[in-house]
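1. Sequence plus predicted model, see below.
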Amino acid sequence: MDIIEVGKHYRVSYLNDIKCAMIQWTGMPSSDEFMRGCNTALEVMQKNGVSKILVDNSSATLFTIKDQQWLNNEWLPRAEKAGYRYSATVLGDSDAFVKFAAKNIARKRDQNKFEGKFFKTVSEAKEWLNTK
């Protein structure tokens with residue numbers, strides 16, 4: 001694992017073994033920090049020519065509606081254009097609001113262009129992504 005960037009509420013890495021970007025969220029990032037983390041993860045995907053991301057939300061506490069809308073309306077089209085196709089999201093025992101936000105984001109994606117699954121652990125998510 002190559003750690004690319006660490007913020008107060010996120011860490012972006014590149015997983016060499018399964019060739020994907022990874023973002024780990026903790027607490028409640030500000031909108032600026034949320035956008036920074038997501039954009040850095042996209043840069044990692046583009047730089048390494050990968051179509052997969054592992055998102056660990058197991059330690060997150062909240063993502064605002066504004067951030068969810070930005071992700072779906074602005075970040076996702078750029079990510080899809082860059083080749084983003086697979087997302088493994090770890091929810092663990094996270095807060096109900098985080099689970100709702102993650103599932104709300106996933107529901108709005110074009111299922112013909114994108115495949116995403118939810119997992120309880122990072123190891124389960126990695127195992128699935130390794131098959132993609």
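-> Everything's here; your move.
2. Kindly provide the whole-number mean pLDDT of stretch 19-38.
-> For stretch 19-38, mean pLDDT rounds to 96.
3. in stretch 7-16, what counts as buried?
-> Buried positions in stretch 7-16, judged by neighbour count with 16 or more other CB atoms under 10 Å: 7, 9-15. Yep, even glycine has a C-beta here, placed from its N, CA and C like the rest.
4. Not counting its own residues, what contacts that stretch?
-> 1-6, 20-30, 33-34, 36-37, 40-41, 44, 48, 54, 60, 126 (CB atoms under 8 Å, 6 or more residues apart in numbering).
5. So which of these belong to strands?
-> Among the contacts of stretch 7-16, the members found in strands (DSSP state E) are 2-6, 20-27, 54, 60.
6. still on that earlier bit, pick the one among the buried residues of stretch 7-16 closest to Ile65.
-> His9 (17.5 Å; CB to CB).
7. Not counting sequence-adjacent ones, nearest residue to the closest one?
-> Leaving aside its chain neighbours, His9 sits nearest to Pro29 (3.8 Å; criterion: CB to CB, 6 or more residues apart in numbering).
8. thinking again about what came up before, buried by neighbour count, from the contacts of stretch 7-16: which ones?
-> Those of the contacts of stretch 7-16 that meet the buried threshold are 4-5, 20-26, 28-29, 33-34, 36-37, 40-41, 44, 54, 60, 126, by 16+ other CB under 10 Å.
9. Next, the contact list for the residue nearest to His9, please.
-> In this structure, Pro29 makes contact with 7-10, 37, 60, 63, 67, judged by CB under 8 Å, 6+ apart.
10. any idea which of these is closest to Gly83?
-> Gly37 (19.3 Å).
11. my guess is the closest one meets Trp25, correct?
-> Yes - contact criterion CB atoms under 8 Å: Gly37 and Trp25 qualify, at 7.3 Å.
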